[in-house]
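Undergrad: Have a look at this prediction, sequence included:
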Amino acid sequence: MGSGRGDDLEAWASLARPRTFAVVGLGGAGGDAVHDLVELGIPGVHAVALNTDARHLQSKPIESRILLGKRQLGGGGSGGNRSLVLEAAEEAKEEILRRIQPYEIVFLLAGLGGGTGSALLPYLVRLLRETDALPVPVAFLPFHVEMDTNPDRAENVQATLSELEEMGGLLLALSNEKLRRFDTLPMHQVFHVRNTYLHSLLTSLVDMIESPSQMNVDLASLKGHLRDSGLSTLLYGESHIEEPDRLVADALAESLLDFTISEAPSALLHLDGGSNFTLRSLEEVMRAFQGRLGKPRRIVFGTRMHPERREVVRLTAVVGGLGPTTIRRALGPLA
């Protein structure tokens, strides 16, 4: 006999299991950022750190850690040598995949300029694209002074960004230079500000996919959008329900990257509000976003309206069609 209704419900429940996400820190800056994200809290997200520096790796209480290049580098770091890092990563490829391949979305965090993060970021994006996982590279762009005073560092950054831009897909590039508005704060607090913003971006994307909505934006929607949109970035903003223009403007202004878009951009939007969020409110936000993009080729949107009133609306947006060198322009005069 065929399966009963109880069996069907059991099968549906297994298909509706929570999605799985991982945040992976590559090198010193990536590991520091992942540690900060864990402290801020991302429920259900698995944390991993990869490094060539044994002492730095040991100092981070992250649940899963991999030391690369034990033979080539002896745990002392890469010294800015991308080639040695890639050699070490290739040798450890099976272990790396075993640790991170099971997750459906993998956020890869790296500071650019040094050898470890700069080499691993594009390498792991390529590796994961051969699997069912969706890799999301997060690149921390160095301060301009770092680029101006260290040609080797500048070369590493340029090489990494060229690879990432050519690959397209979702790329989060956060420019340390835009943190200079907090230049009176201690350094560790400045980077905490950046990581708090990153935390908002990642949690809003996870929530958009993970939590059911009246008009849903799921993982398949995101992957389909990215396939057709070229180089893309992620934006996040919150504002009062009666200020749709400000909601869109704040999402664009708070980005830690001044990006340019092509003549035919696209966007995937998700709006999270309360019972007082009306159809007119939705239209006003859509109109404001469309006006900022110019002439978008396509806008896909989803909504989640909670049963209680909420005065604040949250916007998560994946904007595609970035200019091919938009990230490198953020590096300053030497770019």
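TA: The structure has been received and is ready for your questions.
Undergrad: okay, residue 258: pLDDT?
TA: What the model reports as pLDDT for residue 258 is 68.
Undergrad: Would you enumerate the residues in contact with the closest residue to residue 197 other than its chain neighbours?
TA: Nearest in space to residue 197, with sequence neighbours left out and distances taken as CB to CB, 6 or more residues apart in numbering, is residue 256 at 6.4 Å. Glycine gets a C-beta too; all of them are placed from N, C-alpha and C. Contacts for residue 256 were tallied using CB atoms under 8 Å, 6 or more residues apart in numbering; they are 173-175, 178-179, 194, 197.
Undergrad: how does it look with 7 Å?
TA: 174-175, 178, 194, 197 (CB atoms under 7 Å, 6 or more residues apart in numbering).
Undergrad: what does residue 84 give?
TA: If you count contacts by CB under 7 Å, 6+ apart, residue 84 has them with 69, 72-73, 78.
Undergrad: Can you name the helix or strand that it falls in?
TA: Secondary-structure element containing residue 84, defined by DSSP states H and E: helix 82-91.
Undergrad: hey, where'd the strands end up in the chain?
TA: Using DSSP state E, the strands found in the chain span residues 21-26, 45-51, 64-67, 105-111, 134-141, 169-170, 172-175, 231-240, 261-273, 298-305, 312-322.
Undergrad: Quick one: those strands as CSV, columns for mean pLDDT, distance to residue 128 and mean neighbour count too.
TA: Supplementary listing: the strands of the chain in CSV, determined by pLDDT from 0 to 100; distance: least, CB to CB, whole Å; neighbours: other CB atoms under 10 Å:
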stretch, mean pLDDT, distance to residue 128, mean neighbour count
strand 21-26, 94, 10, 28
strand 45-51, 93, 12, 24
strand 64-67, 92, 15, 16
strand 105-111, 95, 6, 27
strand 134-141, 92, 4, 25
strand 169-170, 90, 11, 22
strand 172-175, 88, 15, 23
strand 231-240, 88, 16, 20
strand 261-273, 85, 20, 21
strand 298-305, 87, 24, 17
strand 312-322, 89, 18, 23
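Undergrad: With distance to residue 151 as extra columns, can I get the ones you listed in JSON lines?
TA: Conversion of the strands of the chain to JSON lines gives the following (distance: least, CB to CB, whole Å):
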{"stretch": "strand 21-26", "distance to residue 151": "23"}
{"stretch": "strand 45-51", "distance to residue 151": "24"}
{"stretch": "strand 64-67", "distance to residue 151": "29"}
{"stretch": "strand 105-111", "distance to residue 151": "18"}
{"stretch": "strand 134-141", "distance to residue 151": "17"}
{"stretch": "strand 169-170", "distance to residue 151": "29"}
{"stretch": "strand 172-175", "distance to residue 151": "20"}
{"stretch": "strand 231-240", "distance to residue 151": "26"}
{"stretch": "strand 261-273", "distance to residue 151": "31"}
{"stretch": "strand 298-305", "distance to residue 151": "42"}
{"stretch": "strand 312-322", "distance to residue 151": "27"}
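Undergrad: Appreciated, that's everything.
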